[in-house]
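[1] sharing a model prediction with you, sequence too.
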Amino acid sequence: MSTRPIADLVVPKAGQNVWLVTLSAAAMAFLAVFALALSMSAARLADSWAQALSETATVRIAAQPDEIEAQTAQVLEVLRTTPGIAAATVMAQSDQAALLEPWLGPDLPLDMLPLPRLIEVTEFGGGPDRQGLRLRLAAEAPGAVYDDHTRWRRPLVQAASRLQSFALLSLVLIGGVMTAIVTLAASVALSANRQVIRVLRLVGARDRFIARAFVRRISRRALAGAGVGTALGMAALLALPDPASAVPVLAGIGFHGLSWLWPLSIPALTFVLAWSSSMATAFHILRGVT
Amino acid sequence: MISLDAVSHDYGGGALFRDVTVQVEPGSFYFLTGPSGAGKSTFMKICYGELKPSSGSVTLLKRDLAAMSRDDLAGVRERIGVVHQDCSFLDHLTLAQNVALPLTATGRPISGSDLDDLMGWVGLTDRADAKPPTLSGGERQRAALARAIVAGPSVLLADEPTGNLDWEMSQRLLMLIIELNRMGTAVVIATHDLTLIRFAKAQVQARVMRIAGRKLQLAGAEL
């Protein structure tokens, strides 16, 4: 007769909290998958926004109609001779119209409006010396303003970073709730089995053996529940619209490539969390049971 | 083995017994008797460390009870077999699993044939797979004895081990305990059954302690 099977059985299976840990772990793991996906997506979003906006700039030229062509030529010349500028292209009137169409409508006579001339600038290698470039533009073309998109980029990156912080905070809260549930379940299981503990103590069982008997069962339930919850969460993410679909907000949430391995850590972390919190609870309660 | 020095115990309503001093030597055989409520079970609980006395010192297997951690006490209990008066079991395990529990709980190997022998020794072979709630009082007491001795203890403490048994089974069980004592196990049996004590004294050199009037005395030859 092996000692392991009975050691696993010394705690009765029955109890009101049999499903509490499993279901809670499943629900928490499901939510954790989404929080993790949101966190990683937000990080990706922040990176891509920062990347995209940091490599482009715009020069806006607001001048009298008779001066605008001359200033445009001067600006292009300045840009051409400035280190860190890869390309500079005057935006076509049709492109400007496309930009304004959502606000002003499709039939706008742009040639009747005093619109500034826009030059799209592509930077490289960290971009130009912006302060020096602005001074040169002010001297050569007084109506030109160099806009490196900082005022757009900073709030966007901040928003994405904050979203990532919220997602990480959600993960911490989910872990906290899971810990609380496991602690409660361990506490209930031990309190409901004081007679079992008494018998085990009577036959010479040490606290570690008694605690493990309870903790092993609780942790296994947590692991099983978290496994199911994680699988469901990953399946739900796979079912979200394709990134190319018409729901761009939802389409960005998910994992890409090897990052799909990250959610697999959730059941393992849940097991570790359940093991450590229920072990601590068990030792605490066993101290009070003679 | 077990030494009590000037031990008194008080549950809050006055002392149950006072200044009890006794030493249980290896291989000795003691009966503990006295009227109901005199403190026999309390004395036994102190002897295996379930209770700490209100005053006095207790030494279990050369270790001071007052200074023992719970794990130290568990280590001591590995070597003290206890037949508790209420014969508590883990009701979801089979009888054989319950009997093997002292080995399971302390990580010691269990020999199936030894366990079978032991179950046969206490007459419970055909009840090995039964669950404790289905056992009679006598079967529970025999199973409790089997569990107490399965790990080969140095000391056996039995609180009313024959309380629910008929005379024939009581004699049989007592003979088993006497046999164990002859193999070197110290035995302390708490009982109010004087017939049982007389029967045992005819078989083995047993000393009788009596708790009465809050004192522990060695009983006279009238037993």
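    Cool, the structure landed.
[2] any stretches of the stretch 51-200 of chain A with poor pLDDT?
    A:110 (pLDDT under 70).
[3] for chain B, what is the nearest residue in it?
    Relative to chain B, the nearest point of the stretch 51-200 of chain A is residue A:199 (5.1 Å; CB to the nearest CB). From N, CA and C alone the C-beta is placed, and that goes for glycine too.
[4] these two touch, right, that residue and residue B:86?
    No - judged on CB atoms under 8 Å, residue A:199 makes no contact with residue B:86 at a distance of 10.4 Å.
[5] neighbour-wise, which of those two wins?
    Counted by other CB atoms under 10 Å in any protein chain shown, residue A:199 and residue B:86 do not tie: residue A:199 has more neighbours, with 22 against 10.
[6] contacts only, for that one.
    By CB atoms under 8 Å, 6 or more residues apart in numbering or on different chains, residue A:199 lies in contact with B:88-90, B:101.
[7] pull the CA atoms of the helix or strand in which it is found into PDB?
    Take DSSP states H and E as the rule and residue A:199 turns out to sit in helix A:194-202. Extracted C-alpha coordinates of helix A:194-202, given in PDB (Å, rounded to 0.1, in the frame of the first residue of the first chain):
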ATOM      1  CA  ARG A 194     -11.500  20.400  13.000                       C
ATOM      2  CA  GLN A 195     -12.300  16.800  13.900                       C
ATOM      3  CA  VAL A 196     -10.100  15.600  11.000                       C
ATOM      4  CA  ILE A 197      -7.300  17.800  12.200                       C
ATOM      5  CA  ARG A 198      -7.700  16.500  15.700                       C
ATOM      6  CA  VAL A 199      -7.500  12.900  14.600                       C
ATOM      7  CA  LEU A 200      -4.500  13.600  12.400                       C
ATOM      8  CA  ARG A 201      -2.800  15.400  15.300                       C
ATOM      9  CA  LEU A 202      -3.600  12.400  17.500                       C
END
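[8] show me which residues of it are buried.
    For helix A:194-202, burial by neighbour count (16 or more other CB atoms under 10 Å in any protein chain shown) applies to A:196-197, A:199-202.
[9] beyond that helix, next helix or strand please.
    helix A:207-238.
[10] which strands or helices does that following helix pack on?
    helix A:3-9, helix A:18-54, helix A:150-192, helix A:194-202, helix A:265-287, helix B:70-77 (3 or more CB pairs under 8 Å, 6 or more residues apart in numbering or on different chains; DSSP states H and E).
[11] between the ones you listed, which one is closest to residue A:254.
    Between residue A:254 and the helices and strands packed on helix A:207-238, the tightest spacing by CB to CB is seen for helix A:18-54, at 5.5 Å.
[12] now that closest one: how far from the chain's centre is it?
    5 Å (CA atoms, centre = their mean, to the nearest Å).
[13] ok, stretch A:75-84 next?
    Taking mean C-alpha positions (CA atoms, centre = their mean), stretch A:75-84 and its chain are 39 Å apart.
[14] start and end of it, how far apart?
    Criterion CA to CA, to the nearest Å; first-to-last residue distance in stretch A:75-84 is 15 Å.
[15] per-residue pLDDT, residue B:116?
    Predicted confidence (pLDDT) for residue B:116: 91.
[16] contacts only, for residue B:69.
    Residue B:69 neighbours (CB under 8 Å, 6+ apart): none.
[17] how about residue A:137?
    Residue A:137 neighbours (CB under 8 Å, 6+ apart): A:59, A:75, A:78, A:144-146.
[18] quick check: buried residues in whichever helix or strand residue A:139 is part of?
    Element membership for residue A:139, per DSSP H and E: helix A:130-140. Neighbour counts using 16+ other CB under 10 Å place A:133, A:136-137 of helix A:130-140 among the buried residues.
[19] next: stretch A:100-117.
    A:116-117.
[20] gap between that stretch and the chain center?
    38 Å.
[21] name the residue closest to the centre of chain A, please.
    residue A:39 (1.0 Å; CA atoms, centre = their mean).
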